[in-house]
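*Asks:* Can you look at this prediction? I've put the sequence above it.
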Amino acid sequence: MSMPINRRRLLAISAAFALLPAARAAGLSGPSHVWTGHAMGARASIRIAHPDAEAIAARVMEEIDRLENILSLYRADSALSRLNREGQLAAPPFELLECLSMAGAVNRASGGRFDPTVQPLWTLWAEAAMAGTRPDAKAIAVALGRTGWDKVTLDTDAITMRPGMALTLNGIGQGYVADRVAALLEAEGLSNILIDTGEFRALGGRPDGADWPMQLDGGDKIGLRQRALATSAPLGTTFDQAGSDGHILDPATGRPTAAPWRTISISAHSAAIADALTTAACLLAEPAAIEAMLGNFEDARLEVCA
């Protein structure tokens, strides 16, 4: 059965122990452990077949919790939240620097369309939606004045930005966590891994040797192996009840993207890069422009643009 692509609030991890051929022929395998709970603000499910499955699942959850303490906007004491409050962060964690550096690469490749500094705009639209209104032109202009990737400085000593600015990693963070969890599981000796954090990250294929089957929006199917797949839909989440003001904001106008796409799926080696590229692609009006952006990343591929 193919796995449908959508923006589910679910984190799911499936991984299996990499058996030697002789052990596989003998039918040997590790015990399967299934953990369910919550992670990254979503329902979570981890299924691992390995002799130390329970301990590995615990280490996965510890790693996700550690990353949330760095990258989450929803934890008041996270490194990202402290940076947003204070406008600077001394001795930033490596993971925050790495994630923001990747975001910067997509920002450059997309001509500034992928911009983590849109958080003041997102807050403006969200607060207006809660009041049953839309932001007026003056409020949007004020919020736009508090954005701009060129106003952010990344350094191992400190991350700094201008007063009133705030960053969001909502367009890259889920993919980054998937990449980090994949690296952890691979180091534990597992293969045949599929991680779903809202974006998909595959190491190897299914335990039966086949690719992980992905059903894309519109019915197309692809096999996923040693790659990541991300999907963005401009109207997948909206600010208004009418469903017309999408959650992907154009950093040039301060308004929801006017690009014509219903859904865009991109695959790449890194889930973080695929995640960010799909967000940026939703702001580009022509497939040729999307392909030109992807040309900056050797292994990125447009799978669906509809």
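*Replies:* Cool, got the structure. Numbers count the residues shown, from 1 in each chain.
*Asks:* Report the separation between Ala129 and Ser78.
*Replies:* According to Cβ to Cβ, to the nearest Å, Ala129 stands 24 Å off from Ser78. Every residue, glycine included, has its C-beta placed from N, CA and C.
*Asks:* For those two, indicate the residue with more neighbours.
*Replies:* Neighbours were tallied for Ala129 and for Ser78 using other Cβ atoms under 10 Å; the higher tally belongs to Ser78 (19 against 16).
*Asks:* Hmm, the more buried one is touching Asp65, no?
*Replies:* No - judged on Cβ atoms under 8 Å, Ser78 makes no contact with Asp65 at a distance of 11.0 Å.
*Asks:* what distance separates the start and the end of stretch 205-224?
*Replies:* Taking Cα to Cα, to the nearest Å, stretch 205-224 runs 7 Å from one end to the other.
*Asks:* Rounded mean pLDDT for it, please.
*Replies:* For stretch 205-224, mean pLDDT is 88.
*Asks:* how about the residue nearest to Leu144 when sequence neighbours are not counted, what does it touch?
*Replies:* If the residues on either side of it in the chain are set aside, Leu144 comes closest to Gly254, at 4.6 Å by Cβ to Cβ, 6 or more residues apart in numbering. Contacts for Gly254 (Cβ atoms under 8 Å, 6 or more residues apart in numbering) come out as 121, 135, 140-141, 143-144, 147.
*Asks:* Kindly report the same for Leu80.
*Replies:* Neighbours of Leu80 in contact, by Cβ under 8 Å, 6+ apart: 70-73, 96, 167, 169.
*Asks:* 6 Å - rerun?
*Replies:* Taking Cβ atoms under 6 Å, 6 or more residues apart in numbering, we find Leu80 in contact with Leu71.
*Asks:* Flag the shaky bits of this structure, pLDDT-wise.
*Replies:* Low-confidence regions of the chain, defined by pLDDT under 70, span residues 1-10, 18-31, 40.
*Asks:* and the nearest residue to Thr117 once chain neighbours are set aside, how many residues sit next to it?
*Replies:* Nearest in space to Thr117, with sequence neighbours left out and distances taken as Cβ to Cβ, 6+ apart, is Thr147 at 4.4 Å. The number of residues packed near Thr147 is 24, by other Cβ under 10 Å.
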